[in-house]
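Engineer: Here is my input; please provide its structure:
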Amino acid sequence: MIIVDFSQIMILTISAAANSFNNQLSEDMIRHIFLNNIAGYRKKYSKQFGDEMIIACDGKGYWRKEYFPYYKAKRAKGRAESPLDWDFVFNCINKIYSEIEEYFPYKIVRVDGCEGDDVIAVLIDYINKTRTKKSDNDFDAMFESSDEKEPILIISADKDFLQLQMYKNVRQYSPLKKTYISEDNAKYSRYEKILRGDAGDGIVNVFSDDDCFVVDGKRQKQATEKKLMPLLKSLMENDTLPEDTDYTIKRNFERNKKLIDLYDLQISKELYDNIVKCYNSATVAPRANILKYFQKFQLKNLMNQIDNF
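Structural biologist: Presented below is the predicted three-dimensional model:
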């Protein structure tokens, strides 16, 4: 299985095009670059990870925002200061999303209340609980171990997914670095990120107040190695904080775990089930639609690699 982090890949595609063409973007340009990348991923990785490609998308509204009001609170300000026309960007993303749904043989999983991160984490958990590796032929299947898991590739530059390499059958390819990205100790990375927080998402470290990133003049407390190491040591050995940990740090750890942890899933059962239901019920367009799509949008250069889609 290949899972594409749709929103992240689209933003990377648009940002790279903007840098290359001095912010002179067109819908046709973005469409061509994105689809050319999708074809490249399938051609390069389908033999190892299978033909099934999932497009993981953000839904409307995020449960994390309801739980933690400061989640991604500064994203709007960052976009306002950017030279990109974000109305154009989001319109383009939504249009290409609809086109993939209508014309391409890929399952799209999009659930309101969930981010693409949730979709990817839930599907990996679900696939690991319900599937084993598929054989190319029945003879080989007779000799395969029944607990060998289906290989899964995440297409995303987002380092949040490194923790999912705690699953031994999961790998991640970064289009930004144009290579696999890996984590030798995914468990350590997972706990360290929970403790340090994620400034890009407005999540402060466990030593700091919730609103550090939104109150002018307020700063995080330093997360020094001296503070972190006893906590990490206990987490690595026992999956719990030391018993004598300050109450506020324990509270903040639970806050960050809820927001960051994709391995020990924090999503509600209702949303988990909605993602699985969306995946299992998703229909894909017939392959014949791809040619119609290329003709409609005059994508002549992509017709030569239609088999890669």
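Engineer: Just to be sure, Ser7 is in a helix?
Structural biologist: Yes. Assigned with DSSP: H, G, I helix; E, B strand; the rest coil, Ser7 falls within a helix.
Engineer: Check what pLDDT it gets.
Structural biologist: You'll see Ser7 listed with a pLDDT of 93.
Engineer: close enough to count as contact, it and Cys57?
Structural biologist: Yes. Using C-beta atoms under 8 Å, Ser7 is in contact with Cys57, at 6.5 Å. The way it works is simple: take the backbone N, C-alpha and C, and place the C-beta from them, glycine included.
Engineer: When those two are compared, which one has more neighbours?
Structural biologist: In this view Ser7 and Cys57 are compared by other C-beta atoms under 10 Å, and Cys57 has more residues nearby, 23 against 19.
Engineer: Asn19 versus the more buried one, what's the distance?
Structural biologist: 24 Å (C-beta to C-beta, to the nearest Å).
Engineer: Can you give me every residue that contacts Leu25?
Structural biologist: Applying C-beta atoms under 8 Å, 6 or more residues apart in numbering, we find Leu25 in contact with Ile14, Ala17, Ala18, Asp85, Phe88.
Engineer: can you do 10 Å?
Structural biologist: Taking C-beta atoms under 10 Å, 6 or more residues apart in numbering, we find Leu25 in contact with Ile14, Ala17, Ala18, Leu84, Asp85, Phe88, Val89, Cys92.
Engineer: The third one: neighbour count?
Structural biologist: Looking back up the chat, that one is Ala18. Ala18: 18 neighbours (other C-beta under 10 Å).
Engineer: what ranges do the strands span in the stretch 51-200 of the chain?
Structural biologist: For the stretch 51-200 of the chain, the strands defined by DSSP state E, counting those that start in this stretch occupy 53-56, 107-109, 152-155, 170-174, 179-181.
Engineer: Cys278: which of these is closest?
Structural biologist: strand 107-109 (5.0 Å; C-beta to C-beta).
Engineer: Rounded mean pLDDT for the closest one, please.
Structural biologist: Throughout strand 107-109, pLDDT has a mean value of 97.
Engineer: any idea how far it is from the chain center?
Structural biologist: 14 Å (C-alpha atoms, centre = their mean, to the nearest Å).
Engineer: ok, and what's touching it?
Structural biologist: The contact list for strand 107-109 (C-beta under 10 Å, 6+ apart) reads 1, 3-4, 6, 52-57, 59, 97-98, 100-101, 116, 118-120, 122-123, 274-284.
Engineer: what about 6 Å?
Structural biologist: Contacts with strand 107-109, where a contact means C-beta atoms under 6 Å, 6 or more residues apart in numbering, come from Ile54, Ile55, Ala56, Glu101, Val119, Cys278, Tyr279, Ala282, Val284.
Engineer: If any of those residues are buried, give me the PyMOL selection for them.
Structural biologist: To isolate the buried members of those in PyMOL, using 16 or more other C-beta atoms under 10 Å:
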select buried, resi 54+55+56+101+119+278+279
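Engineer: quick one: which of the contacts of strand 107-109 is nearest Tyr293?
Structural biologist: Glu101 (11.4 Å).
Engineer: Low-confidence stretches in the chain?
Structural biologist: Applying pLDDT under 70 to the chain picks out residues 134-147.
Engineer: what about 80?
Structural biologist: 19-24, 76-77, 132-147 (pLDDT under 80).
Engineer: What is the host helix or strand of Asn19 packed up against?
Structural biologist: Counting by DSSP states H and E, the element that carries Asn19 is helix 6-20. The contact analysis (3 or more C-beta pairs under 6 Å, 6 or more residues apart in numbering; DSSP states H and E) places helix 6-20 against helix 27-49.
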